[in-house]
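> Turn this into a model:
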Amino acid sequence: MFSYFAYGLGIQSALPIPEFVPMEIKCDVTIHVENNKTLEDYLPKNLLGQSMALKLSREEAIFYFNGIGAFHILKGCKIIFIPAQEACERRVRLALVGTVMAILLYQRGLLVLHASAVEINGGAVAFLGVPGQGKSSTAAAFHAHGYDFLTDDVAAVTLSQTIATIAPGFPQMKLSPETAAALDYDFESLLKLYLDDKKRGYRPIRNFAQLPLPILRIYVLADDPEFDIEPLSPKESVMELVRHSRPTTLRISGDTPHFMQCTALAKAHTVYRLKRPRNLALLSQLVKVVEDHISCEAVHPTHVL
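Residues are numbered from 1 along each chain as shown. Below you'll find the model as predicted:
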């Protein structure tokens with residue numbers, strides 16, 4: 001078994017997962033490979049031809065990817081992988097470290113935002129958005145300006161009586177060729193993630209936050225000809241948090257605890273809409289706009305969650 005640290009959890013895995021941080025710590029999650037059963041033992045035949053299928057509850061989930069296999073996720077502490085015959089190790093890991101871990105974190109009772117986050121002034125600054133909105137590019141721009149990277153795509157929020165924190169994910173972010181060029185990274189030297197190479201993985205060798213950080217700001221990315229930042233109303237904030245969190249992003253309605261978590265987070269922290277032009281040449285200006293907003297705005301007190 002391999003020992004790793006990711007999303008604030010100790011992980012024992014039968015699969016090598018080089019994306020995660022190797023670390024010998026207390027085990028919270030185990031990952032096993034089931035070679036003695038087939039996909040038909042877990043899924044009805046009519047689902048096996050689909051590109052993806054999901055059955056989800058807080059206790060048990062089955063997540064199927066055509067050409068990869070199925071992940072059986074139990075009570076937020078165990079993942080059993082049933083490989084498809086043609087499964088590619090790279091595609092397996094890509095599904096495992098992202099969507100599958102997001103489901104496991106949801107089962108563990110965390111609020112799982114579809115967001116990328118960095119550390120600024122000792123706090124977590126999260127950027128939410130639909131796929132393709134530029135979450136990874138935004139986080140990468142801040143990292144290029146010297147800020148610690150926290151997580152890409154999956155932001156695990158813990159809500160306590162007094163504070164909301166985001167756990168570190170793992171040190172890898174997805175970059176398109178255009179974003180890599182805008183930030184002066186050599187795209188060809190980055191890690192291959194997809195067969196078609198639409199994006200590759202950049203692994204920071206420095207500035208990766210290791211500890212959970214209190215939330216400082218939450219921004220929802222939006223397209224606009226001009227830069228602007230506007231606070232959302234409490235109702236709008238809740239709606240955006242629900243919209244950009246699991247399981248909503250998996251096209252499954254969340255339960256009452258999920259909605260209450262979004263409500264509590266919106267009550268504790270103002271959610272802002274971050275408007276900006278979709279121009280990679282302006283990423284440095286985007287960083288400056290956010291820096292100015294954080295430094296000029298009065299810090300909102302953290303309310304009791």
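
> Next, work out how far apart residue 57 and residue 294 are.
39 Å (CB to CB, to the nearest Å). Heads up, the C-betas are built off the backbone N, CA and C, glycines and all.

> Helices along the stretch 51-200 of the chain, start to end?
89-95, 101-107, 135-144, 177-182 (DSSP state H, counting those that start in this stretch).

> who does the first one touch, helix- and strand-wise?
If I follow you right, that is helix 89-95. strand 60-65 (3 or more CB pairs under 8 Å, 6 or more residues apart in numbering; DSSP states H and E).

> neighbouring strands for the strand it packs on, and are they parallel or not?
strand 52-56 (antiparallel), strand 69-74 (antiparallel) (DSSP bridges).

> What separation do you get for the spatially most central residue of the chain and residue 6?
The centre of the chain sits closest to residue 154, judged by CA atoms, centre = their mean, with a distance of 1.0 Å. Per CB to CB, residue 154 is found 10 Å from residue 6.

> what do those two both touch?
101, 169 (CB atoms under 8 Å, 6 or more residues apart in numbering).

> What helices and strands are in contact with the helix or strand bottoming out on mean pLDDT in the chain?
Ranked by mean pLDDT, DSSP states H and E, the weakest helix or strand in the chain is strand 191-192, scoring a mean of 86. Counting contacts by 3+ CB pairs under 8 Å, 6+ apart, strand 191-192 is packed against strand 200-202.

> Hmm, residue 145 and residue 284 touching each other?
Yes. Using CB atoms under 8 Å, residue 284 and residue 145 qualify as a contacting pair, with a distance of 7.3 Å.

> What separation do you get for residue 198 and residue 187?
From residue 198 to residue 187 the distance is 11 Å (CB to CB).

> Just list the residues touching the nearest residue to residue 92 once chain neighbours are set aside, thanks.
With sequence-adjacent residues excluded and distances taken as CB to CB, 6 or more residues apart in numbering, residue 92 is closest to residue 68, at 5.7 Å. Contacts for residue 68 (CB under 8 Å, 6+ apart) come out as 83-84, 87-88, 91-92, 95.

> and the gap between residue 68 and residue 208?
27 Å.

> With residue 117 instead?
Distance of residue 117 to residue 208, given as CB to CB: 12 Å.

> again, but for residue 144
For residue 144 relative to residue 208 (CB to CB), the value is 14 Å.

> all helices for the stretch 201-305 of the chain, in order.
All helices of the stretch 201-305 of the chain, identified by DSSP H, counting those that start in this stretch, fall at 234-243, 256-268, 283-296.

> what does the last one contact?
With CB under 8 Å, 6+ apart as the test, helix 283-296 has contacts from 120-121, 125, 137-138, 141-142, 144-145, 182-183, 216-217, 219, 227, 229, 272, 274, 276.

> Got the confidence number for the residue of the chain positioned farthest from its centre?
Distance to the chain centre peaks in the chain at residue 36, reaching 31.7 Å (criterion: CA atoms, centre = their mean). Residue 36 is assigned 86 on the pLDDT scale.

> before we move on, the earlier item: with neighbour count as extra columns, can I get the contacts of residue 68 in TSV?
Output for the contacts of residue 68, formatted as TSV (neighbours: other CB atoms under 10 Å):
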residue	neighbour count
83	18
84	18
87	16
88	13
91	18
92	22
95	18
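
> Just put these in a markdown table and tack on pLDDT and distance to residue 280.
Listed next are the contacts of residue 68 as a markdown table, based on pLDDT from 0 to 100; distance: CB to CB, whole Å:
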| residue | pLDDT | distance to residue 280 |
| --- | --- | --- |
| 83 | 93 | 37 |
| 84 | 90 | 36 |
| 87 | 87 | 34 |
| 88 | 87 | 30 |
| 91 | 89 | 27 |
| 92 | 94 | 31 |
| 95 | 93 | 28 |
